[in-house]
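Chemist: have a look at this prediction, sequence included:
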2 protein chains.
Amino acid sequence: MPRGQVPVTADDGLTTRQRRTRPLVVVHGGAGKGKSTAAFGLALRGWNQGWSIGVFQFVKSAKWRVGEQTALEALGRLHEQTGEGGPVEWHKMGSGWSWSRTQGSTEDHAAAAREGWAEVARRLAEQRHTLYVLDEFTYVLKWGWVDAAEVVRVLRERPGYQHVVVTGRDPDPRLLEIADVHTEMTKVKHPFDQGQKGQKGIEW
Amino acid sequence: MPRGQVPVTADDGLTTRQRRTRPLVVVHGGAGKGKSTAAFGLALRGWNQGWSIGVFQFVKSAKWRVGEQTALEALGRLHEQTGEGGPVEWHKMGSGWSWSRTQGSTEDHAAAAREGWAEVARRLAEQRHTLYVLDEFTYVLKWGWVDAAEVVRVLRERPGYQHVVVTGRDPDPRLLEIADVHTEMTKVKHPFDQGQKGQKGIEW
């Protein structure tokens, strides 16, 4: 895609510099592949900018360790050793949030989801990361585990320069309203439809 | 997304194992964000599997070095040093293909694109990589620089276990016909529409 082609001129009183450094809320929705994958791809870009990356996986199973986690954590270690890129933290609800005292008791998914969101909100207030990936967070809103109005308020009021990427199907309309970027990934053709099984490297 | 849920049972005479190890042609089309980003995210997964990754950027400008390139090349170096993950090669048409004798003379884009495709076809025949990302390759077909029928033939007849991901708008229908996965990235909302400029870490 051509770089930075702007179809309209903004009339928002901001300078180009201000417009270039506006923190974004990005939503990857839709039933197709690529929602999380593209979010982790953005994390790659952010790492390269030296940003602090925080990934929060809200739904995936405890056993599920996607290849991106290993790769991004390897980049995080590279940052610690050489200073290249930025730091990376990857937290999973499925295996119990790493900071949580109740680690292991993941029976109560709603409580775990609320705990994850509370931590994200704390970090946003502290400006801990530059890029947050809230993977599959749309389901947390959809199932009413966390109040969408509260999420919207925290995101709107977040201080400083912090980008937040939310992935998952059926994003809440209130979230979409405050989203700066909203991409729908639409499945046109997928081998699962022909009985193809998921395969390593492609699905995880 | 739930892991490996298969809506229908295949009637193709293959075993589950064969179905799990079927090499795929994946197309990321559409006018939205995330086509290339999701492809590079797949490369992350592949790296984690120890796959040899070959990225071929067909259109982006010479000056354009996306963050994913730096990050994936860092992972490639990590592989050389520690054996973790797999090797990574990243080639760009914009700056002259690294293997090309005519490097630097990028005036003739059609010739450069044909040269890039010829190299990809050679590597497919040699089974050099496990995952190929042909970034923005749809335009090469669209503009008639490389014959789509020839591409389809080479992809269909490629030996062994080699995945090929093609990104770009308006993919050729003949390519879509042989695609195993086709995802359309649809722009629902984007800050460029409100005059937002591209910003580092997000657009590149």
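Modeler: All right, it came through fine.
Chemist: list the buried residues in the longest helix seen in chain A.
Modeler: Longest helix in chain A by number of residues (criterion: DSSP state H): helix A:109-126. Neighbour counts using 16 or more other CB atoms under 10 Å in any protein chain shown place A:His109, A:Ala112, A:Ala113, A:Glu115, A:Gly116, A:Trp117, A:Glu119, A:Val120, A:Ala121, A:Arg123, A:Leu124 of helix A:109-126 among the buried residues. The way it works is simple: take the backbone N, C-alpha and C, and place the C-beta from them, glycine included.
Chemist: tell me the contacts of the most centrally placed residue in chain A?
Modeler: In chain A, the centroid-proximal residue (CA atoms, centre = their mean) is A:Val133; its distance is 1.8 Å. By CB atoms under 8 Å, 6 or more residues apart in numbering or on different chains, the residues touching A:Val133 are A:Ala39, A:Phe40, A:Leu42, A:Ala43, A:Ile53, A:Gly54, A:Val55, A:Phe56, A:Val165, A:Thr167.
Chemist: and the fourth one, what element?
Modeler: Yep, that's A:Ala43 we're talking about. helix A:35-48 (DSSP states H and E).
Chemist: ok now that helix, how far from the chain's centre?
Modeler: Averaged C-alpha coordinates place helix A:35-48 at 9 Å from its chain's average position (CA atoms, centre = their mean, to the nearest Å).
Chemist: is any part of that helix close to chain B?
Modeler: Yes: Helix A:35-48 is in contact with chain B by CB under 8 Å from any CB of the partner chain, via A:35-42, A:44-48.
Chemist: check which element follows that helix along the chain.
Modeler: Following helix A:35-48 in sequence, per DSSP H and E, is strand A:53-57.
Chemist: now for that following strand, which elements pack on it?
Modeler: Judged by 3 or more CB pairs under 8 Å, 6 or more residues apart in numbering or on different chains; DSSP states H and E, the packing partners of strand A:53-57 are helix A:35-48, helix A:67-82, strand A:88-92, helix A:109-126, strand A:131-135.
Chemist: switch the cut-off to 6 Å
Modeler: helix A:35-48, strand A:88-92, strand A:131-135 (3 or more CB pairs under 6 Å, 6 or more residues apart in numbering or on different chains; DSSP states H and E).
Chemist: remind me what the first one packs against, helices and strands.
Modeler: Identification of packing neighbours for helix A:35-48 by 3+ CB pairs under 6 Å, 6+ apart yields strand A:25-29, strand A:53-57, helix A:67-82, strand A:131-135, strand A:163-167, helix B:35-48, helix B:67-82.
Chemist: who's in contact with that helix?
Modeler: A:28, A:53, A:68, A:72, A:75, A:85-86, A:131, A:133, A:135, A:165, A:167, A:185, B:34, B:37-38, B:40-41, B:67-68, B:70-71, B:201 (CB atoms under 6 Å, 6 or more residues apart in numbering or on different chains).
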